[in-house]
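**Q** Sharing a model that was predicted from the sequence below.
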Amino acid sequence: MRSQLKAVLIDRVFGLRDTPHRIALGVALGLMIAFTPTLGVQIALYLFLATLLGANRFSGMPLLFISNPISAVPFYYFCWSVGSYCLNFGLPESGAEGAVVTSIGTLVDHKLGTQIWTPSFWTQLGSALLSLSTELWVGSMLLGVCTGLPGYFLSRWAVGAYRARSGNHASPEQGEP
């Protein structure tokens, strides 16, 4: 398992035939997009932005899978919590936000098994989630930037270290794989 992980994350990312800047920019962009609540379109969004910004189109791709259907609820709840904390200046949740979170929990607990197939369930859930979207986006963007910026510098250093250790001095003229 460890050798497979090393092969994908280390050899195939840091060993890409591209400039350290483009590889690191792809890693940073991948980290930033992984935090956004765009599950399902993250790869398309990453490819579009990587092409637009001149980043390596492969290097950030594995990082997009940090957020996935299995980790989505706790992951995005954490992002929402950070956004809520920032927007409320560290104060406890306001009554309205706490009520929305409670209503989502109640809606899911009481109606998930019986009314999940009705339009009213999805309308109520959509309305409740939409009212939390500002906190979610603020938290997601903040966490994305706070991981993406150090990710850029760390991965740029790691590409150089990988190439020095492996003797792989990939030429940027050869482009992406």
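**A** All right, it came through fine. All of these numbers come straight from a predicted model, not from anything done at the bench. Numbering: from 1, shown residues only.
**Q** need the helix or strand of the protein with the lowest average pLDDT.
**A** Using mean pLDDT, DSSP states H and E, the weakest-scoring helix or strand in the chain turns out to be helix 95-115, at a mean of 55.
**Q** which regions of this structure sit below the pLDDT cut-off?
**A** By pLDDT under 70, the low-scoring segments of the chain are 1-2, 5-6, 8, 90-118, 121-122, 124-126, 128-129, 168-177.
**Q** please redo it, this time with the cut-off set to 90
**A** 1-17, 37-40, 67-77, 80-81, 84-85, 87-136, 161-177 (pLDDT under 90).
**Q** centroid residue for it?
**A** In the chain, the centroid-proximal residue (C-alpha atoms, centre = their mean) is residue 34; its distance is 1.3 Å.
**Q** Next up, the contacts around that one.
**A** With contact taken as C-beta atoms under 8 Å, 6 or more residues apart in numbering, residue 34 is in contact with 42, 63-67, 144. For glycine as for every other residue, the C-beta is placed from the backbone atoms N, C-alpha and C.
**Q** Can you select the buried ones among those for me in PyMOL?
**A** A single PyMOL command selects the buried members of these (16 or more other C-beta atoms under 10 Å):
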select buried, resi 42+63+64+67+144
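**Q** biggest separation within the contacts of residue 34, which pair?
**A** Within the contacts of residue 34, 65 and 144 form the most distant pair, 15.0 Å apart (C-beta to C-beta).
**Q** residue contacts, residue 47?
**A** With C-beta under 8 Å, 6+ apart, residue 47 has these contacts: residue 57.
**Q** could you redo the last one with a cut-off of 10 Å?
**A** Residue 47 makes contact with 55, 57-58, 60-61, according to C-beta atoms under 10 Å, 6 or more residues apart in numbering.
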